[in-house]
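K.L.:
Fold the following for me, if possible:
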Amino acid sequence: MKLLFLILISLFIQGCDQPANEIKEANLHKHIKILASDEFEGRSPGSQGGEKTKLYLKNEFQKMGLPSIKGDYYLEVPLSKMTVNLDSSFLSITKNDQPRILKPGSESVYWTKRVVEGVSVRSSELVFVGYGIVAPEYGWNDYKNLDVKGKTAVMLINDPGFWTEDPKLFNGKSMTYYGRWTYKFEEAARQGAEAVLIIHDTAPAAYPWQVVETSWSGKQIDLKREDMGKSRIKVEAWITSEVAEDLFSDANLDLNALKQNALKADFQSVEMTGLTLDAALINKVEFSISHNVAAVKNGYKKPNEYILMMAHWDHLGIKEEESGDNIYNGAVDNASGTAGLLELANYFSTVELERSLLFLAVTAEESGLLGSEYFAEYPPVKLSNIVAGYNFDAVLPVGKTKDVIVVGHGASELEDILKVELDKVGKYIIPDPLPEKGFFYRSDHISLAKKGVPVLYADGGFDKVDGGMEAGRVFADEYTAKHYHQASDEYDPNWDLSGFADQLTITANMVKYLADSDTWPKWYEGNEFKRIREESRNQ
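P.N.:
Prediction:
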């Protein structure tokens with residue numbers, strides 16, 4: 001059946017007239033330069049820079065002649081914002097009546113998602129809960145035989161498969177959602193914990209401590225939820241590995257030995273005897289309305305069926321507490337993807353297609369995929385009518401490559417359509433070479449996938465035409481180590497965006513095929529989202 005599907009795709013694509021337009025590398029440079037300029041102040045939702053970004057996107061869509069969807073380019077996303085006053089707040093660990101106040105930034109980061117002016121924790125006992133995972137399908141429960149109510153759960157980042165590399169255990173090296181920090185806070189809240197300390201470790205976390213420090217310092221954004229965050233734990237925090245080693249030593253525990261024990265399903269939580277956590281967080285609470293920005297190219301035959309293209313427009317804004325260059329411009333992350341979205345919109349603005357195209361720039365990705373989450377919960381069109389989607393996030397200016405990386409490889413028939421296009425230009429697919437970093441769960445496509453919509457998240461690849469695979473890996477590693485979520489993620493006019501232009505051209509051809517066919521790409525058999533899609537399509 002899959003072979004027949006590939007043959008039909010190939011025959012259809014060969015018979016299609018491709019748009020006369022072309023993706024222009026110069027346009028990509030133009031958009032990235034503007035969006036990542038200091039004028040846009042790092043594009044934080046609710047800031048002046050965020051407002052400028054939304055207006056820029058709206059004006060660009062209007063100049064292309066693309067109408068809004070449901071009468072407004074701006075789709076509301078209500079947000080709450082909490083900023084911990086570090087001068088009036090503290091987090092400390094006490095042993096024998098001797099408190100150790102953890103230094104914010106260099107030793108810890110802490111915050112609350114409860115929308116209140118202050119929270120406090122008093123004498124909360126510490127307990128090590130391994131990876132903090134409850135996964136019945138793996139016969140796994142790190143909270144078994146434990147009542148963690150009122151206690152502080154101390155846990156490791158990622159999941160056991162990262163270290164065991166056993167493909168039958170949490171998907172081996174590939175991170176599952178159980179390995180994400182978001183899940184760990186959610187599960188601890190369900191278990192009734194008072195606070196959580198996640199132990200940072202660069203390899204399984206997939207980023208160094210400075211990324212944690214910059215990402216969770218200052219203003220923390222969440223959706224404005226009905227319960228105002230009361231279902232969240234009181235204090236969410238990361239601590240450095242050095243601090244963790246000290247704490248386990250203070251509790252007369254061997255952290256390395258416990259890490260090994262935590263790799264087994266029969267692991268039992270361990271009380272960190274004699275250690276308690278105290279915290280007082282004083283918040284500045286704010287509310288705002290941010291927006292996803294969307295435009296549509298209406299189809300002439302099946303206007304209620306949509307091909308989605310998406311990218312997040314936001315970044316980290318200005319870190320006012322920092323001296324020197326404190327504007328986090330986010331050129332790669334994600335002025336690049338936003339530029340790609342705009343160029344695809346421009347490319348298709350004069351092309352008539354049977355199905356409609358939906359161009360969606362989402363907000364608050366950096367705060368936990370909030371814009372896409374809200375879109376998926378309150379969609380302006382029926383999600384069951386979205387045929388498929390394409391997501392663009394943090395595209396590296398690596399130049400031309402021979403390969404295309406598919407994040408979450410082996411998910412849906414969108415990969416079959418991609419392969420046909422790549423065969424035509426002599427490129428090849430490689431699965432995500434860094435599955436342990438959990439990229440599949442770290443970008444906005446996952447919000448749609450959870451609702452059953454097949455979305456392809458592909459990147460330009462590592463196998464550089466000039467330099468090969470090693471050169472591409474070095475380029476990517478340098479970005480992660482030096483520039484990811486740092487003020488140094490800035491636009492460089494010398495960037496080689498030719499590979500990105502190639503990627504967008506391939507995407508445009510895939511979109512053209514889907515928009516002028518009756519194809520509904522399916523999730524592959526065994527995929528966790530397949531049943532959700534089938535149920536939504538049958539309603």
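K.L.:
Can you mark which positions in the longest strand seen in the chain are buried?
P.N.:
For the chain, the strand that runs over the most residues, judged by DSSP state E, is strand 270-297. By neighbour count on 16 or more other CB atoms under 10 Å, the buried set for strand 270-297 is 270, 272, 275-279, 281-283, 290-297. Every residue, glycine included, has its C-beta placed from N, CA and C.
K.L.:
Can you list the strands that it pairs with?
P.N.:
strand 74-84 (antiparallel), strand 90-95 (antiparallel), strand 118-128 (antiparallel), strand 355-362 (antiparallel) (DSSP bridges).
K.L.:
Identify the residues contacting the third one?
P.N.:
Think strand 118-128. 93-94, 112, 146, 148, 150-155, 194-195, 197, 234-235, 247-248, 251, 253, 258, 269-272, 275-283 (CB atoms under 8 Å, 6 or more residues apart in numbering).
K.L.:
Tell me which helix or strand comes right after it.
P.N.:
Next helix or strand after strand 118-128 toward the C-terminus (DSSP states H and E): strand 134-135.
K.L.:
Strand partners (parallel or antiparallel) of the helix or strand that that following strand is followed by?
P.N.:
Using DSSP H and E, the helix or strand that follows strand 134-135 towards the C-terminus is strand 140-141. The pairing partners recorded for strand 140-141 under DSSP bridges are strand 134-135 (antiparallel).
K.L.:
packing partners for the helix ranked longest in the chain?
P.N.:
In the chain, taking DSSP state H as the definition, the longest helix is helix 498-515. Judged by 3 or more CB pairs under 8 Å, 6 or more residues apart in numbering; DSSP states H and E, the packing partners of helix 498-515 are helix 2-15, helix 25-35, strand 302-312, helix 337-348, strand 355-362, strand 386-392, helix 414-425, strand 455-459.
K.L.:
if we go to 7 Å?
P.N.:
Helix 498-515 is packed against helix 2-15, helix 25-35, strand 302-312, helix 337-348, strand 355-362, strand 386-392, helix 414-425, with contacts defined by 3 or more CB pairs under 7 Å, 6 or more residues apart in numbering; DSSP states H and E.
K.L.:
centre of the chain versus that helix, how much separation?
P.N.:
Distance of helix 498-515 from its chain centroid, counting by CA atoms, centre = their mean, to the nearest Å, is 22 Å.
K.L.:
Contacts for the following helix or strand past it, please.
P.N.:
Using DSSP H and E, the helix or strand that follows helix 498-515 towards the C-terminus is helix 530-538. Helix 530-538 is contacted by residues Leu383, Ser384, Lys451, Gly452, Trp523 when judged by CB atoms under 7 Å, 6 or more residues apart in numbering.
K.L.:
now do 6 Å
P.N.:
Ser384, Gly452, Trp523 (CB atoms under 6 Å, 6 or more residues apart in numbering).
K.L.:
Next, the buried residues of that helix.
P.N.:
So for helix 530-538, counting by 16+ other CB under 10 Å, buried means Lys530, Ile532, Arg533, Ser536.
K.L.:
same check, this time on stretch 312-329
P.N.:
For stretch 312-329, the buried set under the neighbour-count rule, 16+ other CB under 10 Å, comprises His312, Trp313, Asp314, His315, Leu316, Gly317, Ile318, Lys319, Ile327, Tyr328, Asn329.
K.L.:
ends of that stretch, how far apart?
P.N.:
14 Å (CA to CA, to the nearest Å).
K.L.:
could you give me the average pLDDT of that stretch?
P.N.:
Mean pLDDT, computed over stretch 312-329, is 92.
K.L.:
How far off centre is it?
P.N.:
That offset, for stretch 312-329, works out to 18 Å (CA atoms, centre = their mean).
K.L.:
Could you do stretch 522-539 as well?
P.N.:
Taking CA atoms, centre = their mean, one finds stretch 522-539 lying 22 Å from the centre of the chain it belongs to.
K.L.:
Could you do stretch 257-275 as well?
P.N.:
30 Å.
K.L.:
that older thread, report the buried residues of the longest helix of the chain.
P.N.:
Going by 16+ other CB under 10 Å, helix 498-515 has these buried residues: 498-515.
K.L.:
pLDDT below threshold where in the protein?
P.N.:
1-20 (pLDDT under 70).
K.L.:
again, only using 50
P.N.:
Applying pLDDT under 50 to the chain flags the ranges 1, 3-8, 11, 13-20.
K.L.:
How is it partitioned into domains?
P.N.:
25-67+298-538, 82-285 (automatic domain parsing).
K.L.:
one step back: could the helices and strands packed on helix 498-515 be laid out in TSV, adding distance to Gly438?
P.N.:
Formatted as TSV, the helices and strands packed on helix 498-515 follow (distance: least, CB to CB, whole Å):
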stretch	distance to Gly438
helix 2-15	27
helix 25-35	26
strand 302-312	17
helix 337-348	18
strand 355-362	19
strand 386-392	15
helix 414-425	19
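K.L.:
what about the closest residue to Leu102 other than its chain neighbours, neighbour count?
P.N.:
Spatial nearest neighbour of Leu102, chain neighbours left out: Ser108 (4.0 Å); criterion: CB to CB, 6 or more residues apart in numbering. Using other CB atoms under 10 Å, Ser108 has 22 neighbouring residues.
K.L.:
Ser108 is in contact with Arg100, isn't it?
P.N.:
No: counting by CB atoms under 6 Å, Ser108 does not reach Arg100; the two are 10.7 Å apart.
K.L.:
any idea where the helices of the stretch 51-200 of the chain begin and end?
P.N.:
161-164, 181-191 (DSSP state H, counting those that start in this stretch).
K.L.:
if you compare the ones you listed, which one is most tucked away?
P.N.:
The highest average neighbour count among the helices of the stretch 51-200 of the chain, using mean count of other CB atoms under 10 Å, belongs to helix 161-164 at a mean of 22.
K.L.:
who's in contact with that helix?
P.N.:
Leu169, Phe170, Asn171, Gly172, Pro204, Leu263, Glu436.
K.L.:
likewise stretch 94-107?
P.N.:
Residues contacting stretch 94-107 (CB under 6 Å, 6+ apart): 86, 90-93, 108, 213, 240, 243, 250, 274-276.
K.L.:
measure it end to end?
P.N.:
16 Å.
K.L.:
in it, what counts as buried?
P.N.:
Buried residues in stretch 94-107 (16+ other CB under 10 Å): Thr94, Lys95, Arg100, Leu102, Pro104, Gly105, Glu107.
K.L.:
same thing with stretch 129-136?
P.N.:
Neighbour count says stretch 129-136 has Val129, Gly130, Tyr131, Gly132, Ile133, Val134, Ala135 buried, by 16+ other CB under 10 Å.
K.L.:
Could you find which two of those are furthest from each other?
P.N.:
Spanning the widest gap among the buried residues of stretch 129-136 are Val129 and Ala135, at 13.4 Å by CB to CB.
K.L.:
Does anything pack onto the helix or strand containing Asp246? Which helices or strands?
P.N.:
According to DSSP H and E, Asp246 maps onto helix 241-250. On a contact count with 3 or more CB pairs under 6 Å, 6 or more residues apart in numbering; DSSP states H and E, helix 241-250 meets no helix or strand.
K.L.:
Can you give the contact residues for it?
P.N.:
Lys95, Glu107, Ile199, His200, Asp201, Leu255.
K.L.:
quick one on the thing from earlier: out of the helices of the stretch 51-200 of the chain, which comes closest to Lys81?
P.N.:
The nearest among those, by CB to CB, is helix 181-191 at 17.8 Å.
K.L.:
who does the closest one touch, helix- and strand-wise?
P.N.:
Using 3+ CB pairs under 6 Å, 6+ apart, helix 181-191 sits against strand 195-199.
K.L.:
Flag every buried residue along the following helix or strand past the strand it packs on.
P.N.:
Following strand 195-199 in sequence order, the next helix or strand is helix 202-205 (DSSP H and E). Neighbour-count burial for helix 202-205, counted by 16+ other CB under 10 Å, picks out Pro204, Ala205.
K.L.:
got the buried residues of stretch 312-329 as CSV, with distance to Phe392 and secondary structure columns?
P.N.:
Converted to CSV, those look like this (distance: CB to CB, whole Å; DSSP: H, G, I helix; E, B strand; the rest coil):
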residue, distance to Phe392, secondary structure
His312, 9, strand
Trp313, 11, coil
Asp314, 14, coil
His315, 14, coil
Leu316, 19, coil
Gly317, 21, strand
Ile318, 25, strand
Lys319, 26, coil
Ile327, 23, strand
Tyr328, 19, strand
Asn329, 18, coil
